[in-house]
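[1] Predicted coordinates and the sequence they were generated for:
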Amino acid sequence: MSKSPIKVAVIPVAGLGRRFLPATKVMPKEMLPIVDKPIVQYATEEAKAAGIEKLIFITAPGKTSIEDHLSPHPDSDRDRIGPSLIEPVFKSDRCAFVRQDKPRGLGHAVGRAQSWLPDEPFAVILPDELFSCSQDNPLQQMIKAHRKTGGSIIATQSVPRAQASNYGIIDGESVDQNLYQIHTIREKPHTDLKDDNLAVVGRYILTPDILSDIENIMTGEASEIQLTDAIARAIRRGSSFYGLSITGERFDCGQKAGFVAANLAFALKRKDISDDLKPYLQDLLGK
Ligand code: G1P
């Protein structure tokens, strides 16, 4: 593909994964598999396909298995292991691992990448949000929108009122097909919700000036530094943000039902599994 204007992606993987205890007692939630591939690998593959050249992982104590997983397999026998495991998606000199020692929120996590980021727009990928797209993956769709607008892009999809308080919610005006100029963004709101709300779904393309907004809100009292609050500040000072409604099926793997649904959907797409799985599911649902 042609050279991407977005070369670096930040992948926050420092979350505690409390919702998936006891599975996440010693295993990072990003290492939970969707069929036979850990969630984090879907994020690295999406980044690679979108032309990203470097990844910055924001990690936490107890998460070193992520770095191990993204390194070459120690068994160099190609016939036994298969080349796709020996060669990682990104070479190790293309990955940086930065610690977030305390869980202080997504804004704080992205701010930790500051000294590794170039002075140009970068992507943020939250691996929990997994997509199945028939053509361009979410980041590819967003890079196209960034090329068109030059502004920051936030991935959105519509969610019903009952789910809206799990997400950042944007409000804005439609400017093009699937594209909204964002006027306001609120983190997990409980009031002023509609039947249909535009939720932030785990992908961002941000211009580097967002780092000063993150720094600014970090000087406040809050113990959790939300990326949403930094974006709201950037919008108030006149920075252009667009919401792009992502074309594709989304699975919120941060929720148990979304995680199980993703496993079923991805397994049903696999020729080596679906023939065994389909009759079982049909039987189960027929009961
Ligand atoms: C984060 C963001 C939220 C976004 C969500 C997407 O929340 O803060 O704005 O909608 O990811 O999954 P979290 O799920 O980490 O609480």
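    Thanks, I have the structure now. Residues are numbered from 1 along each chain as shown.
[2] Just the buried positions in stretch 184-202, please.
    For stretch 184-202, the neighbour count (16 or more other Cβ atoms under 10 Å) marks 185-187, 189, 193, 197-202 as buried. For every residue, glycine as well, the C-beta is placed using N, CA and C.
[3] Mark which of the residues you listed are part of strands, please.
    With DSSP state E as the criterion, strands contain 185-187, 197-202 from among the buried residues of stretch 184-202.
[4] which one among those residues gets closest to residue 246?
    residue 201 (6.5 Å; Cβ to Cβ).
[5] so how many other residues sit close to the closest residue to the ligand within the stretch 51-200 of the chain?
    Going by Cβ to the nearest ligand atom, the ligand is nearest to residue 168 of the stretch 51-200 of the chain, at 2.6 Å. Here the number of neighbours of residue 168 (other Cβ atoms under 10 Å) works out to 25.
[6] what's the answer for residue 99, then?
    Neighbours of residue 99 using other Cβ under 10 Å come to 13.
[7] who touches it in this structure?
    14, 58-61, 112 (Cβ atoms under 8 Å, 6 or more residues apart in numbering).
[8] Let's have those in CSV, adding neighbour count, pLDDT and secondary structure.
    Output for the contacts of residue 99, formatted as CSV (neighbours: other Cβ atoms under 10 Å; pLDDT from 0 to 100; DSSP: H, G, I helix; E, B strand; the rest coil):
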residue, neighbour count, pLDDT, secondary structure
14, 25, 95, coil
58, 24, 97, strand
59, 21, 96, strand
60, 19, 94, coil
61, 10, 91, coil
112, 21, 96, coil
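[9] Switch the residues you listed over to a markdown table; also include distance to residue 282.
    Formatted as a markdown table, the contacts of residue 99 follow (distance: Cβ to Cβ, whole Å):
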| residue | distance to residue 282 |
| --- | --- |
| 14 | 41 |
| 58 | 42 |
| 59 | 42 |
| 60 | 42 |
| 61 | 45 |
| 112 | 47 |
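[10] Would you mind giving these as JSON lines with distance to the ligand added?
    JSON lines is the format used below for the contacts of residue 99 (distance: Cβ to the nearest ligand atom, whole Å):
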{"residue": "14", "distance to the ligand": "10"}
{"residue": "58", "distance to the ligand": "12"}
{"residue": "59", "distance to the ligand": "15"}
{"residue": "60", "distance to the ligand": "14"}
{"residue": "61", "distance to the ligand": "18"}
{"residue": "112", "distance to the ligand": "15"}
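[11] Near the ligand, list only the ones from the buried residues of stretch 184-202.
    Among these, the residues lying close to the ligand (Cβ under 6 Å from any ligand atom) are 187, 199-202.
[12] Could you export these as a markdown table, including distance to residue 33 and pLDDT?
    Shown next, in a markdown table, are these (distance: Cβ to Cβ, whole Å; pLDDT from 0 to 100):
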| residue | distance to residue 33 | pLDDT |
| --- | --- | --- |
| 187 | 30 | 96 |
| 199 | 25 | 97 |
| 200 | 25 | 98 |
| 201 | 21 | 98 |
| 202 | 19 | 97 |
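[13] biggest separation within the ones in strands among the buried residues of stretch 184-202, which pair?
    Across these, no pair lies farther apart than 186 and 202, at 16.6 Å, counting by Cβ to Cβ.
[14] Could you single out the nearest of the contacts of residue 99 to residue 156?
    residue 58 (22.6 Å).
[15] what bridges to the closest one?
    residue 12, residue 98 (DSSP bridges).
[16] list the contacts for it?
    Per Cβ under 8 Å, 6+ apart, neighbours of residue 58: 10-14, 98-100, 109-110, 112-113.
[17] Just name the closest of those residues to residue 285, please.
    Nearest to residue 285 among these, with distances taken as Cβ to Cβ, is residue 13, at 34.8 Å.
[18] Quick check on the closest one: phi, psi?
    When read as degrees, to the nearest 10, the backbone of residue 13 gives phi -130, psi 30.
[19] does any part of stretch 240-249 sit near the ligand?
    No: Stretch 240-249 stays clear of the ligand (Cβ under 6 Å from any ligand atom), getting no nearer than 11.5 Å.
[20] Now do the buried residues in that stretch.
    For stretch 240-249, by 16+ other Cβ under 10 Å, it's 241-246, 248.
[21] How confident is the prediction for residue 279, by pLDDT?
    What the model reports for residue 279 is a pLDDT of 93.
[22] Count the neighbours of it for me.
    Neighbours around residue 279, by other Cβ under 10 Å: 10.
[23] What distance do you get for it to residue 186?
    46 Å (Cβ to Cβ, to the nearest Å).
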